[in-house]
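1. Need a 3D model of the following:
(one chain, ligands or ions: 1)
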Amino acid sequence: MTMTMTRSTLVWFRQDLRLEDNPALAAAVARGGPAIPVYIWAPDEEGGWSPGAASRWWLHQSLASLAASLSRLGSRLILRTGPSLEILRCLAVETGADAVYWNRRYEPASIALEIRAKKELPAAGIDARSFNAALLHEPGTIRNRSGGPFQVFTPFWRACRAVADQPPAPRPGPKRLPTPGRWPSGVELPALRLEPARDWTAGIRARWQPGEKGAHACLRRFVREGLIGYPTGRDRPDREGVSRLSPHLHFGEVGPRQVLQAIEAGAARDRRAGMITAAEAYIRQLGWREFAHHLLYHFPRTPLEPLREEFRAFLWRRDSRGLRLWQRGRTGYGIVDAGLNELRTTGWMHNRVRMIVASFLVKDLLLPWREGARWFWDTLVDADLANNTLGWQWVAGCGADAAPYFRVFNPAMQEAKFDPDGVYVRRWTAEPRPAPIVDHASARLRALAALARVRTEA
Ligand SMILES: Cc1cc2nc3c(=O)[nH]c(=O)nc-3n(C[C@H](O)[C@H](O)[C@H](O)COP(=O)(O)OP(=O)(O)OC[C@H]3O[C@@H](n4cnc5c(N)ncnc54)[C@H](O)[C@@H]3O)c2cc1C
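-> Next up, the predicted model:
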């Protein structure tokens, strides 16, 4: 009698550090044999965007949380260090696995790696399958009338909402994970050295609960308490008006389908007037996240180059002192300094304040948006190549659907409007305040003159 033996599947975790609504994991379980969860630390494979210090701290906590959840199911998380494809091939040999399943990422270097995986793993006799866990709609499924990518948000989002294939309902996590007879070896989490040698993370630790459980707690709290006030509260850094889900979404501790479902269900349950409008306003922000990922997919050079070609010739200033004062929150403008201090302390900054500090760097100081994007990359716990690139190019006026070039945020007016009682600025700045490093009125005129040159030369 011949017996058919179902062989093991390697589940390659990446930016999908969750058990629920995880299609790669679900497919591995459905396949029937043992599922072997693996995470490979390979910062050299990120195309020059290896995770910054704040992201590494988060990743450490998130991996610890995922490992604990897996062990509650009787399973384990095998940790290895790169190169990814070599490790996957070795693990397949060690465990007798004949399949690798994973959820897709959309950064240029990740796409290149996945293309290689789809070629090289099957060549070694390993079935390679990937799934969508990170987006509501994948790039390529949303196109404009001429078949190209959208570069303006509103028609993009209208098209997303109109397609027949709306995102499927999220699936529950597995109740049990079939385990191999013998586990392959792995390294211990501290060996990845994701946490800083000199601990500066007290402020971040106090603010966040990384991991799937923390993500759901954050989402539930927001649906219960924050959503109703979102349309106005989302612009107020002095209030708890936003969800703060961004790092959880970036690391895939919760997926956008789960967020969408929770928001829609919360709005349907709650009879308060304005709840449906609030839910729509929030879901639209998830749309911006989608837009950013689609743009990065279609325009993979934009983390380093402006989307709008005429900006290539723009003469940014060089001013290392100005950059350092901006990074340290010592510009002398209350809301700018408060934002940068909030960022250094907690690893996060409110969206309104991100726009203000970014505008200050690229317009008041005329420093390159890429310098700001790099600083955010190192300091944000939600640093995300797609969202960060879109945000910076939007403010600089050189990206998709960007702010008009003549819009230069006036920090004092922004502060008066969005932090009218000075609560936010007092919370994040110390007295005495430094003197302003530039005069906003003359800096604005200088920026407008420089930007007008780009337009006339285009
Ligand atoms: C200069 C600049 C840089 C930015 N860098 C990043 C970054 O590295 N990572 C990041 O996740 N976001 C970035 N953003 C977008 C935005 O500021 C954050 O997503 C938001 O502040 C996160 O807080 P929240 O989760 O409370 O947002 P909420 O208001 O609660 O929104 C919910 C979710 O929608 C998505 N979202 C909201 N606004 C945007 C937006 N403008 N673009 C794309 N997605 C959005 C996020 O995933 C967010 O978690 C940047 C914005 C600017 C102006």
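2. ok, which residues in the chain are in contact with the ligand?
-> 234, 242-246, 249-250, 285-286, 288-289, 292, 351, 354-355, 358, 376, 380, 382-384, 387-388, 390-392, 395 (Cβ under 6 Å from any ligand atom). (Each C-beta comes from the backbone N, C-alpha and C, glycine too.)
3. Run the chain-centre distance for the longest strand seen in the chain.
-> As assigned by DSSP state E, the longest strand anywhere in the chain is strand 35-41. Relative to the mean C-alpha coordinate of its chain, strand 35-41 is positioned 21 Å out (Cα atoms, centre = their mean, to the nearest Å).
4. how long is stretch 406-419 end to end?
-> Distance between the two ends of stretch 406-419: 24 Å, counting by Cα to Cα, to the nearest Å.
5. Name the residues of it that are buried.
-> The neighbour-count criterion (16 or more other Cβ atoms under 10 Å) identifies 408-411, 414-415, 418-419 as the buried residues of stretch 406-419.
6. May I see the PyMOL selection of the buried members of the residues of the chain next to the ligand?
-> Entered in PyMOL, the line below selects the buried ones among those, by 16+ other Cβ under 10 Å:
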select buried, resi 234+242+243+244+245+246+249+250+285+286+288+289+292+354+355+358+376+380+382+383+384+387+388+390+391+392+395
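7. show me the contacts for Pro51.
-> By Cβ atoms under 8 Å, 6 or more residues apart in numbering, Pro51 lies in contact with 43, 59, 383.
8. The residues you listed in helices, which ones?
-> Residues of those located in helices (DSSP state H): Leu59.
9. can you put the contacts of Pro51 in CSV and add pLDDT?
-> Shown next, in CSV, are the contacts of Pro51 (pLDDT from 0 to 100):
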residue, pLDDT
Pro43, 98
Leu59, 98
Ala383, 98
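10. which of the contacts of Pro51 lies closest to Gly33?
-> Leu59 (28.8 Å; Cβ to Cβ).
11. Not counting sequence-adjacent ones, nearest residue to that closest one?
-> Leu194 (5.4 Å; Cβ to Cβ, 6 or more residues apart in numbering).
12. Next, work out how far apart that neighbour and Ser62 are.
-> According to Cβ to Cβ, to the nearest Å, Leu194 stands 10 Å off from Ser62.
13. Could you do Ala28 as well?
-> To Ser62, Ala28 is 20 Å away according to Cβ to Cβ.
14. lowest confidence element among the helices and strands of this protein?
-> Least confident helix or strand, the chain: helix 440-457 with a mean of 88, by mean pLDDT, DSSP states H and E.
15. Show me what it is in contact with.
-> Contacts of helix 440-457 with the rest of the structure, by Cβ under 8 Å, 6+ apart, involve 310-311, 313-315, 333, 363-366, 397, 405-406, 408, 410-412.
16. did I read that right, Ser130 in a helix?
-> No: going by DSSP: H, G, I helix; E, B strand; the rest coil, the assignment for Ser130 is strand, not a helix.
17. Torsion angles phi and psi at the closest residue in space to Gly47 that isn't next to it in sequence?
-> In space, and not counting its chain neighbours, Gly47 is closest to Ala109: 2.9 Å by Cβ to Cβ, 6+ apart. The phi/psi pair for Ala109 (degrees, to the nearest 10) reads phi -70, psi -30.
18. got the domain boundaries for this protein?
-> Following automatic domain parsing, one gets these domains for the chain: 1-133, 135-169+212-298, 309-453.
19. related to what we said a few turns ago, can you say which of the contacts of helix 440-457 are buried?
-> Those of those that meet the buried threshold are 311, 314, 333, 363-366, 397, 405, 408, 410-411, by 16+ other Cβ under 10 Å.
20. mind listing the strands for the stretch 101-250 of the chain?
-> Using DSSP state E, counting those that start in this stretch, the strands assigned to the stretch 101-250 of the chain run over residues 127-131.
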